[in-house]
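Participant: Just the structure for this:
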Amino acid sequence: MAEASDGVAILSFSCGKDSIAAWLQMRKYFDRIIPVYKYFVPGLQFIERSLQYYEDFFGCHIYRLPHPAFFKKMNTGLFQPPYRMNVILDEMDIDQSEYNDLVISDIVREKEGLSDDVYTAVGVRMADGPMRRMQIKTSGCVIHTKKIFYPVYDWLKADIIREMDAVGIKLPVDYKMFGRSFDGLNYTYIKPLKEWFPDDYKRLLEWFPFAEMDLLRRGETDGAQKRKDIDR
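Facilitator: Numbers count the residues shown, from 1 in each chain. The predicted structure follows:
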């Protein structure tokens with residue numbers, strides 16, 4: 001892949017262990033790696049601190065762009081009060097075919113002046129589970145139609161630990177809160193976020209005001225904010 005792209009690649013970087021492993025592996029072969037973080041909620045400071053740590057560690061800028069799922073969640077009204085929907089549909093109604101992972105890679109290529117030969121690396125491993133193994137066995141570790149490749153597709157968890165320990169890189173705080181990188185808007189993520197980073201929890205509620213309902217439905221009335229007039 002490095003030879004085909006003149007030593008340049010984009011990296012879909014989630015701050016998760018597999019994307020960190022992909023970055024470490026790619027450093028051995030690529031002269032230039034352009035990482036992109038796709039956020040589910042804009043402006044969460046615990047994520048920004050992690051991104052700044054990895055920028056310092058690897059010595060390069062990480063692009064921040066909305067995850068395609070962010071617009072999907074907004075457009076479907078996830079955790080939104082009804083009066084917001086007209087504004088959302090008028091201002092944020094983006095066709096998923098017009099903004100997806102392929103488009104994000106195209107945006108980065110255009111911004112960086114890269115050719116179409118530059119593919120995007122994704123930290124996906126066969127050991128993630130039977131479905132992932134079947135997918136890679138069927139499609140391979142390079143998918144030319146999507147212009148992506150999996151640099152650590154055959155790595156085991158032990159390989160990741162060994163390589164991370166060798167360079168002294170840390171996992172993000174996500175793993176202490178969620179056991180994995182932040183990638184959802186449900187109880188599994190909302191409850192720890194409120195407990196660990198209340199300011200970021202408030203930021204989440206600015207975008208998804210009814211997210212606290214996922215706490216209420218679990219009977220955690222003490223943990224959810226009680227507001228009679230949301231955003232009035």
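Participant: List the neighbouring strands of the strand ranked longest in the chain plus their orientation.
Facilitator: For the chain, the longest strand by residue count, based on DSSP state E, is strand 32-39. Strands adjacent to strand 32-39 in the sheet, as given by DSSP bridges, are strand 8-12 (parallel), strand 63-66 (parallel).
Participant: okay, residue 232: pLDDT?
Facilitator: As predicted, residue 232 sits at a pLDDT of 41.
Participant: err, residue 98, not the other one
Facilitator: Here, the pLDDT recorded for residue 98 equals 86.
Participant: now swap in residue 217 and tell me
Facilitator: On pLDDT, residue 217 comes in at 87.
Participant: how close does it get to residue 186?
Facilitator: 11 Å (Cβ to Cβ, to the nearest Å). (C-beta placed from N, C-alpha, C; glycine too.)
Participant: Residue 135 now?
Facilitator: 24 Å.
Participant: So those two - more neighbours on which side?
Facilitator: Legend: neighbour count by other Cβ atoms under 10 Å for residue 135 and residue 186, higher for residue 135 (17 against 11).
Participant: Give me the pLDDT for the more buried one.
Facilitator: 92.
Participant: For the lowest-mean-pLDDT helix or strand in the chain, list the C-alpha coordinates in CSV.
Facilitator: In the chain, no helix or strand scores lower on mean pLDDT, DSSP states H and E than helix 85-91, which sits at a mean of 86. What follows is helix 85-91, C-alpha atoms only, in CSV (Å, rounded to 0.1, in the frame of the first residue of the first chain):
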residue,chain,number,x,y,z
MET,A,85,-37.0,19.4,14.2
ASN,A,86,-37.9,22.1,11.7
VAL,A,87,-34.5,23.8,12.3
ILE,A,88,-32.6,20.5,12.1
LEU,A,89,-34.3,19.4,8.9
ASP,A,90,-33.8,22.9,7.3
GLU,A,91,-30.2,23.3,8.4
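Participant: Isn't residue 104 up against residue 34?
Facilitator: No: between residue 104 and residue 34 there is no contact under Cβ atoms under 8 Å: 11.6 Å.
Participant: and the two? which has more neighbours close in?
Facilitator: residue 34 (23 against 20).
Participant: Could you report the separation of that one from residue 17?
Facilitator: On the measure of Cβ to Cβ, residue 34 and residue 17 end up 20 Å apart.
Participant: Cool, thanks, signing off.
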